[in-house]
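Engineer: Give me coordinates for this.
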Amino acid sequence: MPDPVIASYITPHGFGHAVRACAVLRAIHRLAPQVQLTVVTDLDRSFLENYLPGIPFRLRQRVLDVGLVQRDSVRFDLAASLDRLRRLRAEAGALVAAERAFLQAAGVRLVVADVPFLAVQAAAAAGIPAVAVSNFSWDWIYQDYAAADPDWAEIVAWVTDCYRPCNLVLQLPMGQVSAAFRHRLPVPLVASTNRLSGAAVRARLGLAADDKVCLIAFGRLDLPAEAIARLAQLGDWRFLFRRPVALSLPNGVEARDWDLSFPDLVAAASVVISKPGYGVVSDCLAQAKPLVWCQRGPFAEVPYLLAAVRTHLPEAELATAALYAGDWGPALAAALAQPPGPPVERLDGAEVCARLLVDCLHRKWSTPGTECP
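Structural biologist: Predicted structure coming up:
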C-alpha cells in the first residue's frame with residue numbers, strides 16, 4: 001500500500017496561518033515520517049522551506065479563498081475584499097473541479113484546511129475527509145460586515161455552505177467558528193518554538209545583552225520620513241526588522257540571516273510591536289514577551305486575541321496615528337515596565353493536532369460531515 005498523503009491547504013491571508021500550519025506539519029513528520037505532505041497555498045517554496053526545514057513536501061500553488069484584501073499590514077479594504085470574493089464565487093466550480101481531479105490523482109487521503117472554504121468543497125467532491133485546523137472560520141469573520149452592509153450577506157451564506165461538509169474542526173484558542181462546523185474539538189495553542197536562545201540571536205545580530213530591542217513584526221510597514229526621524233531619536237532603543245519591512249535608521253538592525261526564524265527574533269526582543277494576529281500573539285505568549293499592539297480595523301478575532309494578551313503578557317496599545325507618526329516611545333516604555341501575567345498552561349497544540357490528524361488517516365469515514373472522530 002502506498003504511503004498516505006495529506007494535503008494542507010493554507011489561506012493566502014497573511015503569514016500567521018502558514019506558520020501554524022507548518023508547525024502542525026512538522027509535528028506530523030516527527031510522529032509519522034512515512035506520511036507524504038502536500039502544501040497548497042500561494043506562498044513561495046522558500047518561505048515554506050524556512051518553516052519546514054529538511055522535511056520533504058510537494059507544493060501546489062493555488063488560491064482557494066480570499067481572506068481580506070490588505071492595504072498594508074494594519075489596514076484592509078472591505079470593498080476590494082467583497083469584489084474579490086464575488087469573483088472567486090464565479091470561478092468556484094472550475095476551481096473545485098480542478099482540485100478534485102488533483103486530490104484523486106495524487107492519492108490524497110486527508111485534506112487539512114487552515115482555513116480555505118473551497119478546499120472543503122474539493123475534498124467533498126473527491127470523496128475524502130476534510131479537517132479544519134483554525135481559531136476562526138471566514139464566514140464567522142465576514143458576518144460582522146454583513147450586519148453593517150447587506151451586500152456581504154450572500155457571501156457569508158455561500159462560505160458557510162462551503163464549510164458544511166467539513167468532517168471536523170480542531171478549534172484553536174482565541175476565536176470562534178461558525179455553525180457550519182457540526183463537530184468541533186478544542187485543542188491547545190499552536191505556537192512555534194525558537195531554535196536559538198535570545199542571547200545567541202543577539203550575538204549573531206551584533207546586539208548587546210543590555211540593549212533595549214524592539215522587534216517590528218509587520219509584514220509591511222510604510223512610514224513617512226517624519227516618523228523615521230522620530231524613531232531615530234529614540235537612541236536607547238534598537239529596532240529589529242526583516243524584509244519586506246525596510247527602514248533606514250541609525251538605530252535599526254535588519255535581520256538578513258534567514259536561518260533565524262521569527263521565533264528566534266522574538267527571543268532576542270525586549271518588546272514586540274505588531275497588530276494583534278494569531279501568529280505574533282502566540283509567539284509572544286510562548287515566550288512571555290511584552291507586546292505593543294495597534295488596532296487593525298473591524299476584525300472579529302481581535303477581541304479574543306487581546307483578551308489573551310491582557311491576561312498573560314505585559315502590553316500597551318499604540319494608536320494608529322502614533323504608529324505612523326513614529327511616536328512609539330511611551331507605549332514601548334509602558335509595556336516594558338509591566339510585570340508578566342501567568343504563563344499559558346499548554347503550548348502543545350501542534351503535537352495534539354498531529355496525533356489527531358494521523359489518526360484520521362486510519363479512520364473509516366462515512367459521508368463527509370456526518371461523523372466525528
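
Engineer: Tell me where the model's unsure across the stretch 1-150 of the chain.
Structural biologist: Residues of the stretch 1-150 of the chain meeting the criterion pLDDT under 70: 1.

Engineer: quick one, strands of it?
Structural biologist: Remark: strands assigned in the stretch 1-150 of the chain by DSSP state E, counting those that start in this stretch are 5-10, 36-41, 58-61, 69-70, 76-77, 108-114, 130-134.

Engineer: is it possible to export the ones you listed to a markdown table including mean neighbour count and distance to Y163?
Structural biologist: Where you see a C-beta, it was placed from the backbone N, CA and C, and this is true even at glycine. Formatted as a markdown table, the strands of the stretch 1-150 of the chain follow (neighbours: other CB atoms under 10 Å; distance: least, CB to CB, whole Å):
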| stretch | mean neighbour count | distance to Y163 |
| --- | --- | --- |
| strand 5-10 | 25 | 13 |
| strand 36-41 | 22 | 17 |
| strand 58-61 | 13 | 21 |
| strand 69-70 | 16 | 21 |
| strand 76-77 | 16 | 22 |
| strand 108-114 | 25 | 9 |
| strand 130-134 | 25 | 7 |
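
Engineer: these two touch, right, A132 and V111?
Structural biologist: No. A132 lies out of contact with V111 (CB atoms under 8 Å); the separation is 9.3 Å.

Engineer: tell me, what's touching the two both at once?
Structural biologist: V120 (CB atoms under 8 Å, 6 or more residues apart in numbering).

Engineer: For the strands of the stretch 1-150 of the chain, give me a markdown table that also has distance to R30.
Structural biologist: Formatted as a markdown table, the strands of the stretch 1-150 of the chain follow (distance: least, CB to CB, whole Å):
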| stretch | distance to R30 |
| --- | --- |
| strand 5-10 | 14 |
| strand 36-41 | 12 |
| strand 58-61 | 19 |
| strand 69-70 | 33 |
| strand 76-77 | 36 |
| strand 108-114 | 16 |
| strand 130-134 | 17 |
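
Engineer: Now do the longest helix seen in the chain: which elements does it pack against?
Structural biologist: When every helix of the chain is counted residue by residue (DSSP state H), the longest turns out to be helix 78-106. Other helices and strands packing on helix 78-106, by 3 or more CB pairs under 8 Å, 6 or more residues apart in numbering; DSSP states H and E, are strand 5-10, strand 69-70, helix 117-126, helix 153-163.

Engineer: who's the nearest residue to L313 once chain neighbours are set aside bridged to?
Structural biologist: Excluding the flanking residues, the one nearest L313 by CB to CB, 6 or more residues apart in numbering is L291, at 5.4 Å. For L291, the beta-bridge partners are V272, E315 (DSSP bridges).
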